[in-house]
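1. Okay, structure incoming, though there's no sequence with it:
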């Protein structure tokens, strides 16, 4: 199973972006999503931004991931 996660674009240099995922900053390629801009949420899979999300959708997806992680740890 493959997982793609939303990440916030913090900066762009050429076709590379620095994105933040849960407080961790990574570099990803924007070759598949050249329309992405700083402040956008993108779906990241294997080092590539594969889709641009609107802010509400990105934030809601991250909230749901956090909720799933808490439930998996036995928290409510």
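-> In hand now; what should we look at? Bear in mind that the values here come from a model prediction, so they are computed numbers and not experimental data.
2. Select the longest strand from this protein.
-> Across the chain, the strand with the greatest residue count (assigned by DSSP state E) is strand 5-13.
3. Against which helices or strands is it packed?
-> strand 16-21, strand 24-29, strand 41-45, strand 48-53, helix 55-72 (3 or more C-beta pairs under 8 Å, 6 or more residues apart in numbering; DSSP states H and E). C-beta coordinates here come from the backbone N, C-alpha and C atoms, glycine included.
4. can you pull the buried residues of the last one?
-> Judged by neighbour count using 16 or more other C-beta atoms under 10 Å, the buried positions of helix 55-72 are 58, 61-62.
5. and if you look at the fourth one?
-> Of the residues in strand 48-53, those buried by neighbour count under the rule 16+ other C-beta under 10 Å are 48-49, 52-53.
6. swap in the third one?
-> Residues 41-44 are the ones in strand 41-45 that count as buried (16+ other C-beta under 10 Å).
7. Farthest pair within the residues you listed?
-> 41 and 44 (9.7 Å; C-beta to C-beta).
8. Pull up the overlap in contacts between these two.
-> Common contact partners of residue 41 and residue 44 (C-beta atoms under 8 Å, 6 or more residues apart in numbering): 6-7.
9. hmm, back to that, in TSV: the helices and strands packed on strand 5-13, plus distance to residue 3.
-> Output for the helices and strands packed on strand 5-13, formatted as TSV (distance: least, C-beta to C-beta, whole Å):
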stretch	distance to residue 3
strand 16-21	11
strand 24-29	14
strand 41-45	8
strand 48-53	12
helix 55-72	10
